[in-house]
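Visitor: 3D, please:
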Amino acid sequence: MIMIYLDNASTTHPLPEAVSEFNLSLAENGYNMGAKYKGANLLHKKYEMLKSRLKEKLGASNGEIVVGASATLLNNLVISSINPKNKGIVAIFSGEHASVLGPAKKLKDNGADVRFIPLTKSGDFDYNYYEELLKEGVRFVGCMHVSNETGQIFDIKRITKLAKEYNPNCLVFSDGVQALAKTKIDLDDLGVDFYTISAHKIGGIIGASALYVRDLLKLKPFIIGGGQEFDLVSGTENYPAFSAFMVALTLGLTNFDENYAKVSKFKEELISELKAQNIEFRINGTLTSPYILNISFYGVRGEALLYALDERGIMVANGSACSSKKRGNVTLESMGLNKIEVDGAVRFSFSAQYDYDAKAIAKIIKEEIDKIKH
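Guide: Modelled structure (predicted):
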């Protein structure tokens, strides 16, 4: 059976170059860089050098890089650093990943004035609601750069500029996991205070993520222990995974235009072929990343279609993997989609690693929809 992987927003398969770097590093850099002998000291210098290179690749002229095992961990670090007793609104985009929404709701339970910014029907950030909040006094804003559900690209520069105009001390946080190497990123230009990224979304190894921090004093220790990562996230550093991350990122940025054009072409072809099959559907989101396509199919439940396609060797999703055990879809519901449209949603997410046959995929989708309907 042919295997067609269309769930790259969940995780990508590691690039061969990243795997080679990981294996080489395991063989040659098997030290705890907190030790005092020469090999460990040299490894620590290499680690810090990689962090500096990462800042350069992200367009950050100042600030620091905090490395952690996952973006979920680092998102929690940022939100947990907010003092719930301080005055001022904490504004969180309602379409965030569960690793932001979860700690934000906990922060609200602990007494913070947390408000959730809704999505518009088109899937965009609701600027009218946002500006009304800013007039009331906002001290922290969180909005992802690219939606993991619909692929919607949000104007982080505009969101940050507005926040700083109303309150120069307002902190702005963006989850950039789905944006890295897929959307142009210049942190100096965006003006954010915090930005998270993750290796396994771009062909790196699971177990390496990073957080850009403009001012370390704005964060509080999250994992106490050996004092690693500025005493914020203690634990022995995973140099092999981080070095592999940098290899994957370098490749992604080097081939950015070629990869972008390739997935854009396939996304357009898939939409065209689905229409040619006379399948009834709606596309969720506007101004979306070419790497993600969220479609509501009419007359069929997305979960049923997911399982049917899996039997044919096509792997898709009907929501974020981190929320897959929960019914409904917060992002689509916030956009005002009705129950039928939410239940019928399927997310396709692409990678330039593969060559997809849009016509063959659309044909299989049509066949499985017809089976489910009858």
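Visitor: quick one, what contacts Tyr31?
Guide: Each residue near Tyr31 by CB atoms under 8 Å, 6 or more residues apart in numbering is listed here: 37, 39-40, 43. The way it works is simple: take the backbone N, C-alpha and C, and place the C-beta from them, glycine included.
Visitor: Who's the closest spatial neighbour of it, skipping the chain neighbours?
Guide: Distances taken as CB to CB, 6 or more residues apart in numbering place Ala40 nearest to Tyr31, at 4.4 Å, with adjacent residues excluded.
Visitor: ok so the one you found is a helix residue?
Guide: Yes: counting by DSSP: H, G, I helix; E, B strand; the rest coil, Ala40 is located in a helix.
Visitor: Just send the contacts of Tyr31 back as TSV, with distance to Ala181 and neighbour count too.
Guide: Listed next are the contacts of Tyr31 as TSV, based on distance: CB to CB, whole Å; neighbours: other CB atoms under 10 Å:
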residue	distance to Ala181	neighbour count
Tyr37	36	9
Gly39	32	14
Ala40	31	15
Leu43	26	22
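Visitor: about what we covered before: next one: the residue nearest to Tyr31 from Gly30, what distance?
Guide: With distances taken as CB to CB, to the nearest Å, Ala40 is found 10 Å from Gly30.
Visitor: same question, His374
Guide: 59 Å.
Visitor: Between those two, which is the more surrounded one?
Guide: Taking other CB atoms under 10 Å, His374 and Gly30 do not tie; Gly30 has more neighbours (11 against 5).
Visitor: Ramachandran angles for the more buried one?
Guide: Note on Gly30: its backbone torsions stand at phi -80, psi 50 [degrees, to the nearest 10].
Visitor: And the pLDDT for the nearest residue to Gly299 once chain neighbours are set aside?
Guide: Spatially, and ignoring its direct neighbours in sequence, Gly299 is nearest to Lys373 (5.7 Å; CB to CB, 6+ apart). For Lys373, the model assigns a pLDDT of 90.
Visitor: How many neighbouring residues does Lys373 have?
Guide: Count around Lys373 with other CB under 10 Å applied: 8.
Visitor: just Ala308 next, same as before
Guide: For Ala308, using other CB under 10 Å, the count is 18.
Visitor: Name the nearest residue to it, ignoring sequence neighbours.
Guide: Glu368 (4.1 Å).
Visitor: Tell me which residues touch that neighbour, please.
Guide: 305, 308-309, 312.
Visitor: tell me which residues in stretch 35-55 are buried?
Guide: Buried residues in stretch 35-55, counting neighbours by 16 or more other CB atoms under 10 Å, are found at 43-44, 46-47, 50-51, 54-55.
Visitor: Might you list the low-confidence residue ranges for the stretch 101-250 of the chain?
Guide: Of all residues in the stretch 101-250 of the chain, none has pLDDT under 70.
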